[in-house]
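Asker: turn this into a structure:
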Amino acid sequence: MTLYLDGIAPLAERYQGFVVDLWGVIHDGLAPYPGALEALRRLKQAGKRIVLLSNAPRRAASAAAALRVLGVGDDLYDGIVTSGEVTYDLLVTRHDPFFAALGRRVYHLGPERDRNLLEGSGLDPVSSPAQAEFCLNTGPDDHRDPTSLEPFEAELAACLAAGLPMVCANPDMKVIKGGVAILCAGALARRYTEIGGIVRSVGKPDATVYEPVMAALGCERGNAVAIGDSLATDMAGARAAGLDACWVLGGIHWQEVAAHSDSLHEGAVSVLEQAEHAPRYMTARFNW
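Answerer: Numbering: from 1, shown residues only. Below is the predicted model of the structure:
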């Protein structure tokens, strides 16, 4: 049975290491949630280790810089791991057989701000799928409607016609930005699979992305808890990695939870009844 918490203070009494998601937990893409920075500060004051784990399709340094703009200082956490950073490592080292077979000519499907994922990689970016050996998908760009798949259908079809395997650097299907559902790379990857494409996704819920996280935390898995808002990625990923998890209701599932009941707790219970597994804890927001 999932235990409902009014805040994360009780978790600080039980765990030493905290794996914390970003979008939907710390911020909404525009600003930090009320109480989120204070919660991080209180955890640090209590001597806890905090590693931020995000499915952001960009390098960790770029994600940290974006957090500073939002007011999330480097002193509020001990490390940051992004799906983009793990993707970069796989593209460069080629230790994984799938990545070893990709070739070097890459077609980037995504916004310009994610191009840092290619810098220093030794890859050769090309301008069309017909010139490429694989596609790197980091999500909808900034020049087309990010709420619909329709503007990207022709591009996905061109990648399929060229026989390109796709690397998806963000398995998330969507995020809520300022109250609007925005598609992520995972939605494009799912569509590519539907039309017959081959996709390799990097990020939560894959347990391998938790390996650098645990190394940075420096504690046993039984002494760490993962906090996130997505059942499909954060909660499933924590389960795959052997971590206890706390589900934050105020993120991606907020409307779904609210639609089930006027009581937030009861609505969450109803949603969990339809889920494959239940986290150990849940709380409305990431606050103390």
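
Asker: okay, now Ile182: neighbour count?
Answerer: 18 (other Cβ atoms under 10 Å). C-beta here means a position set from N, CA and C on the backbone, and glycine is covered the same way.

Asker: what pLDDT, on average, does the helix or strand hosting it get?
Answerer: Under the criterion of DSSP states H and E, Ile182 resides in strand 180-183. For strand 180-183, mean pLDDT is 86.

Asker: what are the buried residues along it?
Answerer: By 16 or more other Cβ atoms under 10 Å, the buried positions in strand 180-183 come out as 182-183.

Asker: what's the following helix or strand past that strand packed up against?
Answerer: Using DSSP H and E, the helix or strand that follows strand 180-183 in sequence is helix 185-194. Packing partners of helix 185-194 (3 or more Cβ pairs under 8 Å, 6 or more residues apart in numbering; DSSP states H and E): strand 134-137, helix 153-161, strand 166-168, strand 199-201.

Asker: closest to Leu243 out of the ones you listed?
Answerer: Of all the helices and strands packed on helix 185-194, strand 199-201 sits nearest to Leu243, with 19.8 Å by Cβ to Cβ.

Asker: outside of the closest one itself, list whatever touches it.
Answerer: 98-99, 137, 165-168, 171, 186, 189, 192-193 (Cβ atoms under 8 Å, 6 or more residues apart in numbering).

Asker: so which of the helices and strands packed on helix 185-194 gets nearest Ile50?
Answerer: Between those, strand 199-201 lies closest to Ile50; by Cβ to Cβ that is 25.4 Å.

Asker: and the next helix-or-strand element following that closest one, what other elements does it pack with?
Answerer: Counting by DSSP H and E, the next helix or strand C-terminal to strand 199-201 is helix 210-217. Helix 210-217 sits against strand 17-20, strand 49-54, strand 79-82, helix 236-241, with contacts defined as 3+ Cβ pairs under 8 Å, 6+ apart.

Asker: try 6 Å
Answerer: On a contact count with 3 or more Cβ pairs under 6 Å, 6 or more residues apart in numbering; DSSP states H and E, helix 210-217 meets strand 49-54, strand 79-82.

Asker: columns distance to Glu119 and mean neighbour count on top of those, output as CSV?
Answerer: What follows is these, written out as CSV (distance: least, Cβ to Cβ, whole Å; neighbours: other Cβ atoms under 10 Å):
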stretch, distance to Glu119, mean neighbour count
strand 49-54, 19, 24
strand 79-82, 15, 23
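
Asker: contact partners for Ile252?
Answerer: Shown in contact with Ile252 (Cβ atoms under 6 Å, 6 or more residues apart in numbering): 24, 229-230.

Asker: could you do Asn116 as well?
Answerer: 58-59, 62.

Asker: now, the residues you listed that are in strands?
Answerer: Within the contacts of Asn116, no residue falls in strands by DSSP state E.

Asker: return a PyMOL selection command for the buried portion of the residues you listed.
Answerer: Here is the PyMOL command that picks out the buried ones among these, judged by 16+ other Cβ under 10 Å:
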select buried, resi 58+59+62
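
Asker: just the contacts of Asn116 now: which is nearest Glu273?
Answerer: For the contacts of Asn116, the nearest to Glu273 is Arg58 (35.9 Å; Cβ to Cβ).

Asker: in this structure that closest one contacts Asp114, no?
Answerer: Yes. Here Arg58 reaches Asp114: they are 5.2 Å apart, a contact under Cβ atoms under 6 Å.

Asker: helices and strands around the strand holding Ile182, which ones?
Answerer: Checking 3+ Cβ pairs under 6 Å, 6+ apart, strand 180-183 ends up next to strand 174-177.

Asker: may I see the buried residues of the strand it packs on?
Answerer: Within strand 174-177, judged by 16+ other Cβ under 10 Å, the buried ones are 174-176.

Asker: okay but Leu164 is in contact with Phe134, surely?
Answerer: Yes. Between Leu164 and Phe134 a contact is recorded at 5.4 Å, counting by Cβ under 6 Å.

Asker: my guess is Asp78 contacts Ile50, does it?
Answerer: Yes. The criterion here is Cβ under 6 Å, and Asp78 meets it with Ile50 at 5.4 Å.

Asker: who's the residue nearest to Gln131 when sequence neighbours are not counted bridged to?
Answerer: Closest residue in space to Gln131, ignoring its immediate chain neighbours: Arg105 at 6.2 Å, by Cβ to Cβ, 6 or more residues apart in numbering. Going by DSSP bridges, Arg105 is paired in beta bridges with Asp124.

Asker: for Tyr4, give the beta-bridge partners.
Answerer: Beta-bridge partners, per DSSP bridges, of Tyr4: Met282.

Asker: cool, thanks, talk later.
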